[in-house]
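Student: Turn this into a structure:
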Amino acid sequence: MIALDSYTPILIIVLASLLDYLLADPKNWLHPVQIMGRIIDFLTQLILKYCATAVQRRLAGIIFGICLIFGSGILTDIFLQFVNQFYHWIAIILEIILLASCFAGRSLRLASLDVLTPLTQQNIIKAREKLSQYVGRDTQNLNENEILRAVLETVAENATDGVTAPLFYALMGLFFDPILIVSLAIAYKASSTLDSMIGYLKEPFLDLGWFSAKFEDILTWFPCRLTVLTLALISGKPKQILQICQRDAIKDPSPNSGWSESVYGAILKVQLGGINTYQGVIKEKPLLGDPIDPISMEKINQALQLTRNCCLIWLTIASIIFYLTKSI
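Tutor: Predicted structure coming up:
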């Protein structure tokens, strides 16, 4: 492990989390996800061009997914080890920056603010335009309540794959092999990026993206449940919250997003889901949570705070355990 002492690994994770909290990804900087996205787009076009049958596309998708996910993690580790041979401090700084790039906590906050600010100014047209940059649903006819629901659903769904799941895999690296801290988080981010770009259950990605969608579901399954459990515990009503999640989450076809959205809906006493339109096609999503309170900007801010609290709890517990194991 690139280390100053035995406590450097946990310090890297804490500093990366702090960096994500304080700073969003600079717009003019090349982000690892952008690199992954360009590779995915290029190879996707090649596969769709030269693989004519469903079997060929599924096989190509499996090979493509495995190579990108594991290759991203391995290449990241090789790069950091190479830099460490010559510039020890720079390698540590790069670890912190790369790990911070895997977290989307501040990006979620800024995206929410980007949409909510026009709403506070009674500019619903601008809010619709901003929202269209972050969601796949049609936004041109949404009213204020529907916009607020879309923002909260985005925050709730992306809390796991954008924030807590990358943190989970970094912490797994901390305890199993500290050399894997950044590479595991990067590998997960590659899986998540693949799923978001080609993991659609429709053509031309039905077979090509099959592996990416399934593998991302598997990787996200445990950190999603751990996120739900953590949030339920800090709500002060774990039994009630978990009962609502168990009741509603199974309605969603996704094995993870239904749980993630359900726990936020249950804690905030709001209902997510309902009728959305995608490229003119109406799709009814399952209702998650109970409509006790209306969705508001305050509820969205509370959801963002819940995500931050979850990460703080994980970091605190991990730091204590890591310190105790090193002290023995």
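Student: Pull out the buried residues from the longest helix along the chain.
Tutor: In terms of residue count, the longest helix belonging to the chain (DSSP state H) is helix 54-86. Neighbour counts over helix 54-86 (16 or more other C-beta atoms under 10 Å) mark 57-62, 64-65, 68-69, 72-73, 76-77, 80, 83-84 as buried. In this view, the C-beta of every residue, glycine as well, is placed from N, C-alpha and C.
Student: Please apply the same query to stretch 17-32.
Tutor: The neighbour-count check on stretch 17-32 (16+ other C-beta under 10 Å) flags 17, 19-21, 25, 32 as buried.
Student: again, but for stretch 91-106
Tutor: Of the residues in stretch 91-106, those with enough neighbours to count as buried (16+ other C-beta under 10 Å) are 91-92, 94-106.
Student: do the same with stretch 131-139
Tutor: By 16+ other C-beta under 10 Å, the buried positions in stretch 131-139 come out as 131-132, 134-135, 137-139.
Student: List of residues touching it?
Tutor: 111, 114-115, 128-129, 140, 142, 147, 150-151, 154, 276-280 (C-beta atoms under 8 Å, 6 or more residues apart in numbering).
Student: three-state assignment of Leu287?
Tutor: At Leu287 the chain is in strand, as set by DSSP: H, G, I helix; E, B strand; the rest coil.
Student: Find the nearest non-adjacent residue to it, please.
Tutor: Among residues not flanking Leu287 along the chain, Gly273 sits closest, at 4.5 Å (C-beta to C-beta, 6 or more residues apart in numbering).
Student: go on, Lys285?
Tutor: The shortest distance from Lys285 to any residue other than its chain neighbours is 4.3 Å, reached at Gly273 (C-beta to C-beta, 6+ apart).
Student: That neighbour should be in a strand, yeah?
Tutor: Yes - under three-state DSSP, Gly273 sits within a strand.
Student: Contacts only, for it.
Tutor: Neighbour list for Gly273: 153, 252, 261, 285-288 [criterion: C-beta under 8 Å, 6+ apart].
Student: ok, now with 7 Å
Tutor: Contacts for Gly273 (C-beta atoms under 7 Å, 6 or more residues apart in numbering) come out as 285-288.
Student: Likewise for Leu94?
Tutor: 80, 83.
Student: related to what we said a few turns ago, from the middle of its chain, how far away would the longest helix of the chain be?
Tutor: Distance, stretch centre to chain centre, for helix 54-86: 19 Å (C-alpha atoms, centre = their mean, to the nearest Å).
Student: Who's the closest spatial neighbour of Ile241, skipping the chain neighbours?
Tutor: Of all residues not flanking Ile241 in the chain, Ala232 sits nearest, at 4.1 Å (C-beta to C-beta, 6+ apart).
Student: Sorry, slip of the keys, the one I care about is Asn145.
Tutor: Sequence neighbours aside, Ile295 is the residue nearest to Asn145 in space, at 6.8 Å (criterion: C-beta to C-beta, 6+ apart).
Student: Isn't Pro9 up against Asp177?
Tutor: No - look at Pro9 against Asp177 with C-beta atoms under 7 Å: they stay out of range, at 9.8 Å.
Student: got a list of what Arg128 touches?
Tutor: Going by C-beta under 7 Å, 6+ apart, Arg128 touches 139-140, 142, 147.
Student: err, Phe215, not the other one
Tutor: Counted by C-beta under 7 Å, 6+ apart, Phe215 has contacts 65, 191.
Student: what comes up buried for stretch 252-266?
Tutor: Of the residues in stretch 252-266, 252, 256-266 count as buried by neighbour count, 16+ other C-beta under 10 Å.
Student: Helices - which of those residues land there?
Tutor: Per DSSP H, these map to helices at 257-266.
Student: Tabulate those (CSV), appending distance to Cys310 and pLDDT.
Tutor: Listed next are these as CSV, based on distance: C-beta to C-beta, whole Å; pLDDT from 0 to 100:
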residue, distance to Cys310, pLDDT
Ser257, 16, 93
Gly258, 18, 94
Trp259, 14, 97
Ser260, 11, 96
Glu261, 15, 97
Ser262, 15, 97
Val263, 10, 98
Tyr264, 11, 98
Gly265, 16, 97
Ala266, 14, 97
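Student: Dump the residues you listed to TSV, plus distance to Ile317.
Tutor: Formatted as TSV, these follow (distance: C-beta to C-beta, whole Å):
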residue	distance to Ile317
Ser257	25
Gly258	26
Trp259	21
Ser260	20
Glu261	25
Ser262	24
Val263	19
Tyr264	21
Gly265	26
Ala266	23
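Student: Quick check: which ranges of the stretch 51-200 of the chain have low pLDDT?
Tutor: For the stretch 51-200 of the chain, applying pLDDT under 70 flags no range at all.
Student: In terms of packing, which of Pro9 and Asp177 has more residues around it?
Tutor: Neighbours per residue (other C-beta atoms under 10 Å) separate Pro9 from Asp177, with Pro9 holding more: 25 against 13.
Student: so the more buried one, which of the three states?
Tutor: Pro9 - assigned by three-state DSSP - is helix.
Student: Next: Ile282.
Tutor: strand.
Student: Adjust the sequence numbering to begin at 34 for everything that follows.
Tutor: Sounds good: first residue 34 from here, last item Ile315.
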